[in-house]
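Peer 1: Fold the following and give me the result.
(2 chains)
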Amino acid sequence: MLSRVADSLYWMSRYMERADGILRMLKINYASSQDDIQEFSWKPVLKIFTFLKDEEATALASNTRNVLQFMVTDKENPNSVLNIVTQARENGRSVQDHITKEMWQCLNDFYHNIRQENLIDKLQKEDPISVLDTLIKQGLLYFGTTDVTMARGEGNSFINIGKFLERAIQSADILDIKFSDLNYDLDKPTDTTYWKYLLMSISGYELYLKTYRSGLGAKNVMEQILLNETFPRSVIYSINQLHRYFERLKNEKNISGFNQIDFMIGKVKSKVKFSTPDSIINEGMHHFLIEIKTALFEVGRTLNQNYFAQS
Amino acid sequence: MQANSLLQSYLVDSNTWDEMYSDASVRQQYQKVLSFLQQLSIEELNKKEELAKRLFMSQGITFTVYSSGEGIEKIFPFDIIPRIITAGEWSFIEKGIKQRLKALNLFLKDIYSNQFIIKDGVIPAQMIYSCPHYLREMHNFQVPYDIYVHISGIDLIRDSDGSFYILEDNLRTPSGVSYMLENREITKRLFPDLLPKNNVRSVTEYPNILHKNLVSLSPKQTYNPTIVLLTPGIYNSAYFEHSTLARLMGVELVEGKDLVVDNHKVYMKTTAGLQQVDVIYRRVDDEYLDPLVFDPNSLLGVAGIMSAYRKGNVAIVNAAGNGVADDKAIYTFVPAMIRYYLNEEPILKNVPTYQLAKEEELEHVFKNIERMVIKKTNESGGYGMLMGNAATEKEIILYKKEVLKNPREFIAQPIISLSSCPCYMNGTLKPRRIDLRPYALCGPGGIEIVPGGLTRVALKEGSLIVNSSQGGGSKDTWVLAD
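Peer 2: Below you'll find the model as predicted:
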């Protein structure tokens, strides 16, 4: 496979995963903005998904509708869903002969839908949940289509590597920023709705209720998002999948590059796998998360060097 | 609204061949389609037109226009009414194009080697060497199987008596074939069952034939050579076509930056290191192909690719240097080429062309100037041209003065009217002018032409200009079986 093609597939997939993450986050945060909870603020979302300066984020965060518009349809915001989907589609466009026609049409339809002029109006005046739901479904259609139609070859591996690397970083980010609100003090008493909405935003609330019977607590939330191997949005699940798809790239011809990245993924995987909630608290949660994120960024950088490099 | 209103305002221009009507009666090949259309209501037809637009948009069969910093997706206008060619017409066209291509290929081989055609005085040497597309780099280099024109898109038009004329030989990187394929797919969706009922021949073999030919050109005789399609990239207006063809043939779509030349061999950069490339179907023009040989500023090509080509380590399709054969001035000599190389009379006619350097032709042109179009030989795209029927007297006098200064730089042709064909316009059918571009594929086994082509249509009333940049669109082109 051409290096350029691998690069485009990987980024197409990362962008689609990111768009999905943003949309879910927006939906649930919107719901919680309508609920009466004291800690609610749009600032964590803006911190995770934009490069706004602190004062800019504070100014914007006070108006829910403006946040939604900024995050979904703003052309100037490089991290708006509009721009992210455009990036995904441009990457897909340049590798149309390596994805299925059905996938291309999903991407293309998503792109045309999110560019519709009346979307801004709807976000301002109508029920934002309906708008966000439509967009989320469009994304799910892409994920499903990819799963059903894409041949299980090298291209599929790069798509999944992009997807799970992005997801692992996203989940670590969400934890880091949500817990920074509490100064990483896991014993600080908080409104349980705070945790409920966080879990809902990553489709983890029902699993949480089944796993922990004793009500919502920060430590359990942290355990599920970091360490639960069956939770598809957890950091450990994402890294396991990343490793699984990366191993399929093993090839006689690029063995030194492969070994280097295999080692890096294995190392970060062990670090997470052999941690417990208590060991993480002892180490310092922020420190732990920074270390994981740094290792994941490094994997991305080295992939770029060994597989996508274009001299 | 009743169906017959569909034809209410169908008024054929005088002195024009209409593809559907002859003397107020509908030609046989259009009868089934027309009676089918007449059963539909205007609402249904409008819905079909809407569906066609949606299908093009959703499949990304679009080109991008960049304005104020952001890209706007446009579709190439598509008219839902098919253009129909009878079996008899097609077999005539097919024979004519095969003959012409054979001669053009022999001409290219000759002109880049022995140049017998110059020595025998059929074409003046000055005509060849003054052509900017003549490449000295191609001299004395034998291309595989002596084939230069692997893919051609020769343009045909029809005069008022219905006879076909060659308008232009496109022998370099002709485009539009994806519209031949996609327009047919759209018709299948718009009009279920209509194609089989009319016995329309299929065009789907095109990518398979092209792929077969590309495989056979590989310098390495393996069953599975590495073939790539070289595109200028996603900002090229024909990018959709490049990716469609690559997908339909299952070959790699590459950009110049994906390729590298080492020791006169071409490689592509893959995730598993370098992989040698055997055949390149390039959609990059000659002048951008190799910055070491042609335009040094080109980022679209590959440095060293011409040397790999000349060494025979890679096949390039179409061959470089074909521009000398589809040049406007050389066009005049194609009938002479056919007689010279094949000892045959040309089947398809050239539009008569007058060399104004010849005194008696100059006189004839000036006398009949209101029926002539005069063009400069070294300009294209409609610049420096005089349409005798539309120019004012003053313009004509000034233009004549220009011509007399240096008559060698001018040619003249009678204005050919182009045939008309029904188009669906706001609830009725209206005649609009069309041309035809069939795609011929030439491989070691001979020339094959898929029964079909691109019909371009001038959607503006009265317009003779079918180019997409001037308000042109396209139609599905049906060739009927016997």
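
Peer 1: residue ranges with poor pLDDT in the stretch 101-250 of chain A?
Peer 2: Within the stretch 101-250 of chain A, no stretch has pLDDT under 70.

Peer 1: Mind listing the residues bridging to the residue nearest the centre of chain B?
Peer 2: In chain B, the centroid-proximal residue (Cα atoms, centre = their mean) is B:G153; its distance is 3.4 Å. Beta bridges link B:G153 to B:Y439, judged by DSSP bridges.

Peer 1: likewise B:R432?
Peer 2: Applying DSSP bridges, one finds that B:R432 bridges with B:C421.

Peer 1: close enough to count as contact, the residue nearest to the centre of chain B and B:N170?
Peer 2: Yes. Using Cβ atoms under 8 Å, B:G153 is in contact with B:N170, at 4.3 Å. For every residue, glycine as well, the C-beta is placed using N, CA and C.

Peer 1: what residues are shared contacts of those two?
Peer 2: Residues touching both B:G153 and B:N170 (Cβ atoms under 8 Å, 6 or more residues apart in numbering or on different chains): B:R437.

Peer 1: Show me what the mean pLDDT comes to for stretch B:189-196.
Peer 2: For stretch B:189-196, the mean pLDDT works out to 93.

Peer 1: Going by neighbour count, list what's buried in it.
Peer 2: B:L190, B:F191, B:L194, B:L195 (16 or more other Cβ atoms under 10 Å in any protein chain shown).

Peer 1: cool, stretch B:296-307 as well?
Peer 2: Buried-residue list, stretch B:296-307, by 16+ other Cβ under 10 Å: B:S298, B:L300, B:G301, B:V302, B:A303, B:G304, B:I305, B:M306, B:S307.

Peer 1: how's chain A carved up into domains?
Peer 2: Under the assignment automatic domain parsing, the domains of chain A span A:1-150, A:160-311.

Peer 1: Can you get me the start-to-end distance on stretch A:120-132?
Peer 2: End-to-end distance for stretch A:120-132: 12 Å, by Cα to Cα, to the nearest Å.

Peer 1: er, stretch A:245-257 I mean
Peer 2: 15 Å.

Peer 1: hmm, that stretch in reach of chain B?
Peer 2: Yes. Counting by Cβ under 8 Å from any Cβ of the partner chain, chain B is contacted by stretch A:245-257 at A:L249, A:N251, A:K253, A:N254.

Peer 1: Quick check: residues of the stretch 151-300 of chain B near chain A?
Peer 2: Within the stretch 151-300 of chain B, the residues that sit near chain A (Cβ under 8 Å from any Cβ) are B:233-234, B:239, B:243-244, B:246-247, B:252-255, B:257-258, B:268-273.

Peer 1: Buried members of those residues into PyMOL, please.
Peer 2: Filtering those down to the buried ones (16+ other Cβ under 10 Å) takes a single PyMOL command:
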select buried, chain B and resi 234+239+243+244+246+247+252+253+254+255+258+268+269+270+271+272
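
Peer 1: Sort out for me which of the residues of the stretch 151-300 of chain B next to chain A are in strands.
Peer 2: B:E252, B:L253, B:V254, B:M268, B:K269, B:T270, B:G273 (DSSP state E).

Peer 1: Which pair of those spans the longest distance?
Peer 2: Maximum pairwise distance among those (Cβ to Cβ): 19.5 Å, between B:L253 and B:G273.

Peer 1: Not counting its neighbours along the chain, what's nearest residue 108?
Peer 2: If you meant another chain, say so; for now it's chain A. Closest residue in space to A:N108, ignoring its immediate chain neighbours: B:G60 at 4.5 Å, by Cβ to Cβ, 6 or more residues apart in numbering or on different chains.

Peer 1: um, chain B though
Peer 2: Closest to B:L108 by Cβ to Cβ, 6+ apart is B:Y148, at 4.0 Å.

Peer 1: Can you get me a residue count around that neighbour?
Peer 2: Neighbourhood size, B:Y148 [other Cβ atoms under 10 Å in any protein chain shown]: 26.

Peer 1: what sits against it?
Peer 2: Contacts of B:Y148 (Cβ under 8 Å, 6+ apart): B:L104, B:N105, B:L108, B:K109, B:L171, B:N318, B:A319, B:G321, B:N322, B:A325.

Peer 1: you'd agree it is in a strand?
Peer 2: No. Counting by DSSP: H, G, I helix; E, B strand; the rest coil, B:Y148 is not part of a strand but coil.

Peer 1: ok, back up a step: could you check how far the residue nearest to the centre of chain B is from chain A?
Peer 2: As judged by Cβ to the nearest Cβ, to the nearest Å, B:G153 and chain A stand 22 Å apart.

Peer 1: what about residue 178, which helix or strand?
Peer 2: Since no chain was named, I'll use chain A. helix A:154-180 (DSSP states H and E).

Peer 1: not what I meant, chain B
Peer 2: helix B:177-190.

Peer 1: Distance from the chain centre to that helix, please.
Peer 2: 17 Å (Cα atoms, centre = their mean, to the nearest Å).

Peer 1: swap in stretch B:473-482?
Peer 2: Distance, centroid of stretch B:473-482 to centroid of chain: 16 Å (Cα atoms, centre = their mean).

Peer 1: For the domains of chain A, give me TSV that also has mean neighbour count.
Peer 2: Converted to TSV, the domains of chain A look like this (neighbours: other Cβ atoms under 10 Å in any protein chain shown):
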stretch	mean neighbour count
domain A:1-150	19
domain A:160-311	17
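
Peer 1: Which one, of these, ends up nearest to B:F366?
Peer 2: Nearest of these (Cβ to Cβ): domain A:1-150, 53.0 Å.

Peer 1: From one end of that closest one to the other, what's the distance?
Peer 2: End-to-end for domain A:1-150, by Cα to Cα: 15 Å.

Peer 1: Can you tell me how far B:D155 is from B:K400?
Peer 2: Distance of B:D155 to B:K400, computed by Cβ to Cβ, to the nearest Å: 29 Å.

Peer 1: Checking A:D20 next. Helix, strand or coil?
Peer 2: Using three-state DSSP, the structure places A:D20 in helix.

Peer 1: mind listing what it touches?
Peer 2: A:I136, A:G139, A:L140, A:F143.

Peer 1: close to chain B, is the helix holding A:K178?
Peer 2: Yes. On the criterion Cβ under 8 Å from any Cβ, helix A:154-180 is in touch with chain B at A:E154.

Peer 1: Which strands and helices lie in contact with that helix?
Peer 2: Judged by 3 or more Cβ pairs under 8 Å, 6 or more residues apart in numbering or on different chains; DSSP states H and E, helix A:154-180 is in contact with helix A:3-33, helix A:43-49, helix A:192-201, helix A:218-227, helix A:235-247, helix A:285-306.

Peer 1: Give me the distance between that helix and the centre of its chain.
Peer 2: Using Cα atoms, centre = their mean, the offset of helix A:154-180 from its chain centre is 5 Å.

Peer 1: now stretch A:125-144
Peer 2: Counting by Cα atoms, centre = their mean, stretch A:125-144 comes out at 16 Å from the chain centroid.

Peer 1: ok, and does it reach over to chain B?
Peer 2: No. With Cβ under 8 Å from any Cβ as the criterion, chain B is not reached by stretch A:125-144; the gap is at least 12.6 Å.

Peer 1: Which residues does that stretch contact?
Peer 2: A:16, A:19-20, A:23-24, A:26-27, A:30-31, A:65, A:68, A:72, A:81, A:103, A:106-107, A:109-110, A:113-114, A:119, A:122-123.

Peer 1: Distance of B:Q38 relative to chain A?
Peer 2: 34 Å.

Peer 1: Please read the previous query as pertaining to B:L418.
Peer 2: B:L418 is 35 Å from chain A, by Cβ to the nearest Cβ.

Peer 1: What strand or helix carries that residue?
Peer 2: Counting by DSSP H and E, B:L418 is found in no helix or strand.

Peer 1: Return the list of helices and strands in contact with the longest helix belonging to chain B.
Peer 2: The longest helix of chain B (DSSP state H) is helix B:87-111. When contacts are defined as 3+ Cβ pairs under 8 Å, 6+ apart, helix B:87-111 packs onto helix B:116-119, strand B:151-153, strand B:164-168, helix B:334-337, strand B:439-443, strand B:446-449.

Peer 1: if you set the cut-off to 7 Å instead, what comes out?
Peer 2: Judged by 3 or more Cβ pairs under 7 Å, 6 or more residues apart in numbering or on different chains; DSSP states H and E, helix B:87-111 is in contact with helix B:116-119, helix B:334-337, strand B:439-443, strand B:446-449.
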